[in-house]
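Student: just a sequence and a predicted model for now, questions to come.
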Amino acid sequence: MATGRNGVDLKDIKAIIDLMKKNSISEFELERQDFKIRLKRGGVNPTSAVAYEEPQVQTYIPGGVPLTPSVSGALPVVPVAGEMEIKAPMIGTFYRAPSPEAANYVDVGTEVNPDAVVCIIEAMKVMNEIKAEVKGVVTQILVENAKPVEFGQPMFKIRPI
């Protein structure tokens, strides 16, 4: 992480917030020598009926007062060599298709783009579409249909193109 005069650059804070949203993380804290940052958000799931709050940022610098910057933006795209994994962003039940009668979203050999839905994870009766977030070809499906997945569990292997 690059450090600016206040310990962390604004683009790094934006990247952390985007990771928090993407992976359903409600709290993040980083402490370095004379610098501390704590990010916390409310709500359970932005797609649910429960109220959702944007992450609140508190930055402390020695001898200073807490700063609360306005933060938004997207994560930078980092090229990856070789296969990469699509991991579960939450705990829930993995489904390969939108319904039992429908065709699978993807199979081995399917070419996907970053916005392509690859599966659904049901969590607390909410169906969450999971997108590939990379352009590539599905090389492996690592989870059986209708089986539980844990946060961070690899579900697919993709060869970027």
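Tutor: The structure has been received and is ready for your questions.

Student: where exactly do the helices run in the chain?
Tutor: 10-22 (DSSP state H).

Student: least confident secondary structure element in it?
Tutor: strand 56-60 (a mean of 46; mean pLDDT, DSSP states H and E).

Student: do you know how far Val106 is from Ile121?
Tutor: Going from Val106 to Ile121 by C-beta to C-beta, to the nearest Å gives 14 Å. All C-beta spots, glycine's among them, are computed from the backbone N, C-alpha and C.

Student: nope, Ile141 is what I meant
Tutor: According to C-beta to C-beta, Ile141 stands 14 Å off from Ile121.

Student: then Ser99?
Tutor: Separation of Ser99 from Ile121 (C-beta to C-beta) stands at 15 Å.

Student: ok, now Ala132?
Tutor: In terms of C-beta to C-beta, Ala132 sits 14 Å off from Ile121.

Student: cool, Glu85 as well?
Tutor: 15 Å.

Student: check Leu39 too.
Tutor: 24 Å.

Student: domain parsing for this protein?
Tutor: As assigned by automatic domain parsing, the chain contains the domains 1-76, 84-160.

Student: worst mean pLDDT among these?
Tutor: Per-stretch mean pLDDT for those is lowest at domain 1-76 (a mean of 58).
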